[in-house]
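>>> My questions concern the predicted model and sequence given below.
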Amino acid sequence: MSDEKKLAIIATKGSLDWAYPPLILASTASALGYETEIFFTFYGLAMLKKKLNLQVSPLGNPAMPMPMPVPVIMQAMPGMQAMMSSMMKKTMKKKGVASVEELRDLCLEAEVRMVACQMTVDLFDFDTKDFIDEVEYGGAATFFEFAGKSDICLYI
């Protein structure tokens, strides 16, 4: 049996703000010597697309810091999500935070295994040509094969 520690992550969210936790944790774990796997399912599959257009929504997210208070009714207006996403990306860049693309590339360089849920791919009629080449495909059994032997298992 291997002495190498293992981290299993299930990534279920596909928004800009929810893309960071699994990628940061996976890249950090790999750098610390963990064998790491992320199982992307449902909306988390958006992180595997070649062309990323992840958005963040202020609507229903009261903890989101904003430069000035914005009433909930205004948050639902057309264009607010794109505007807030653009603001978030600019702030992250200004503060030196890596982009989702950079973090994903870092994970790939660090040999983090990325598995797309085949059932979800089929459910949403996704075209696998839209996903990065490095992704593997599997079902829940694929995840449990790795997660069952992991030291840490996270659901994000």
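Arrived safely. Numbering: from 1, shown residues only.
>>> just the helices in this protein please.
16-31, 72-75, 80-94, 100-109, 118-123, 140-147 (DSSP state H).
>>> May I see these arranged in JSON lines, with distance to Ile38 and mean neighbour count as well?
Bear in mind the C-beta positions are built from the backbone N, C-alpha and C, glycine included. Putting the helices of the chain into JSON lines (distance: least, Cβ to Cβ, whole Å; neighbours: other Cβ atoms under 10 Å) gives the following:
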{"stretch": "helix 16-31", "distance to Ile38": "5", "mean neighbour count": "20"}
{"stretch": "helix 72-75", "distance to Ile38": "30", "mean neighbour count": "12"}
{"stretch": "helix 80-94", "distance to Ile38": "21", "mean neighbour count": "14"}
{"stretch": "helix 100-109", "distance to Ile38": "7", "mean neighbour count": "17"}
{"stretch": "helix 118-123", "distance to Ile38": "14", "mean neighbour count": "15"}
{"stretch": "helix 140-147", "distance to Ile38": "10", "mean neighbour count": "16"}
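>>> Switch those over to JSON lines; also include mean pLDDT and distance to Lys5.
Supplementary listing: the helices of the chain in JSON lines, determined by pLDDT from 0 to 100; distance: least, Cβ to Cβ, whole Å:
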{"stretch": "helix 16-31", "mean pLDDT": "97", "distance to Lys5": "8"}
{"stretch": "helix 72-75", "mean pLDDT": "77", "distance to Lys5": "42"}
{"stretch": "helix 80-94", "mean pLDDT": "88", "distance to Lys5": "29"}
{"stretch": "helix 100-109", "mean pLDDT": "97", "distance to Lys5": "17"}
{"stretch": "helix 118-123", "mean pLDDT": "98", "distance to Lys5": "27"}
{"stretch": "helix 140-147", "mean pLDDT": "97", "distance to Lys5": "13"}
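>>> centroid residue for this structure?
With distances taken as Cα atoms, centre = their mean, Ala19 lies nearest the centre of the chain, 3.1 Å away.
>>> so how far is Val121 from that residue?
18 Å (Cβ to Cβ, to the nearest Å).
>>> Any idea how far stretch 78-90 is from the middle of the chain?
The offset between the C-alpha centroid of stretch 78-90 and the centroid of the whole chain comes to 18 Å, using Cα atoms, centre = their mean, to the nearest Å.
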